[in-house]
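Engineer: my questions are about this predicted structure, shown below with the sequence.
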Amino acid sequence: MTDADGDGRSSWSRAFGVLSAIGPPVTVATALLFYFGWARADAQAAQMGLNVSLFGYAVQDYLLISINALFLPLVCILALSVAWLALDRLLRRRIEEDRGRARIIRAAGIAALLSGLLVGVSLVLAVVEPARTSLFTPYLMALGVLVATWCIHLRRMGRDGKRPALSTEQRAVETTLVLSIVTLLLFWGTADYAQALGRRLALNYEQGVQFMPRAEVYSLKPLSIGSGAVTEVKMGSGDTTLYRYDGLRLLVLSGGRFFFLHDGWTPRDGSVIVLPDDNSVRIEFKR
């Protein structure tokens, strides 16, 4: 899929040129990282019964949060891309040398048909069973579109014995449309994956809350924490009265506020305690 035009540029390079003209790559990449980080944090907060805005995350926080949401999808996509390029190079060489051209054309036609069916079935599943198929359906659709386009291209090349009989503009438009569809599908799938990862992280707190840093909060005034798992101990009397709160576990410090869970916290009936990061309270952390 790298047929060169008269000026030495391929249809793929022309398509990337069009996409690059829409927005600088660095700006687009930053926006995508921000969105995927927000999607993961928003799903995690919602699973905990909170709104993500309460954490006061900055742009750089969302960018860092997005890394673990993108690592696995990017590794899989790049690995498949390497394998695909190697297979494409092999089949092109066989077609150019006229070795098994008829078999390649026939196999490419069958593969294109099956890929179209895969896209159709995936689309139906996304509509009928979105909750069960959201993690893999967009990726299957993107794979089906790419394979179908690639197989059609191989059939054209095999029948003509040269580059497909399409004009430069037709190839550029076709490639741009395919890239746009695949990009949107990958965006969809990665956003769903980031949200699923956020929900899973929130659920993992239920099993891992006992491993979070233990905190003791001291305050000159009663804080009236409503969780039964948090104990209040009154220390001293009169002007020297001090209130200590035990049973807290540090979740995160963000936006000038401490977020605590308590021992035995669960997403269903647990509470998230939010305290300001100022001189009104003193916090001691223990293992």
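Structural biologist: It's in. Residues are numbered from 1 along each chain as shown.
Engineer: got the phi/psi numbers for residue 248?
Structural biologist: When read as degrees, to the nearest 10, the backbone of residue 248 gives phi -100, psi 150.
Engineer: quick one: residues contacting it.
Structural biologist: Taking CB atoms under 8 Å, 6 or more residues apart in numbering, we find residue 248 in contact with 214-217, 230, 260-262, 273. Every C-beta, even on glycine, is put in place using the N, C-alpha and C of the backbone.
Engineer: give me that answer again for 7 Å
Structural biologist: Residues in contact with residue 248 (CB atoms under 7 Å, 6 or more residues apart in numbering) are 215, 217, 230, 260, 262, 273.
Engineer: do the same with residue 197
Structural biologist: Contact partners of residue 197, counting by CB under 7 Å, 6+ apart, are 40, 69.
Engineer: wait, a helix at it?
Structural biologist: Yes. Counting by DSSP: H, G, I helix; E, B strand; the rest coil, residue 197 is part of a helix.
Engineer: hmm, back to that, out of the contacts of residue 248, which comes closest to residue 75?
Structural biologist: When these are compared for distance to residue 75 (CB to CB), residue 260 wins out at 34.8 Å.
Engineer: can you tell me the element the closest one falls in?
Structural biologist: Assigned by DSSP states H and E, residue 260 falls within strand 257-262.
Engineer: per-residue confidence averaged over that strand?
Structural biologist: Averaging pLDDT along strand 257-262 gives 91.
Engineer: give me the contact list for that strand.
Structural biologist: By CB under 7 Å, 6+ apart, the surrounding residues in contact with strand 257-262 are 56, 205, 209, 212, 215, 227, 229-230, 247-252, 270-277, 283.
Engineer: taking those residues, please make a ChimeraX selection of just the buried ones.
Structural biologist: Filtering those down to the buried ones (16 or more other CB atoms under 10 Å) takes a single ChimeraX command:
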select :205,209,212,215,227,229,230,247,248,249,251,270,271,272,273,275,283
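Engineer: next step: the contacts of strand 257-262 restricted to strands.
Structural biologist: 215, 247-252, 273-276, 283 (DSSP state E).
Engineer: picking that back up, can you redo the contacts of residue 248 as JSON lines with distance to residue 143?
Structural biologist: Converted to JSON lines, those look like this (distance: CB to CB, whole Å):
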{"residue": "215", "distance to residue 143": "47"}
{"residue": "217", "distance to residue 143": "51"}
{"residue": "230", "distance to residue 143": "50"}
{"residue": "260", "distance to residue 143": "44"}
{"residue": "262", "distance to residue 143": "45"}
{"residue": "273", "distance to residue 143": "45"}
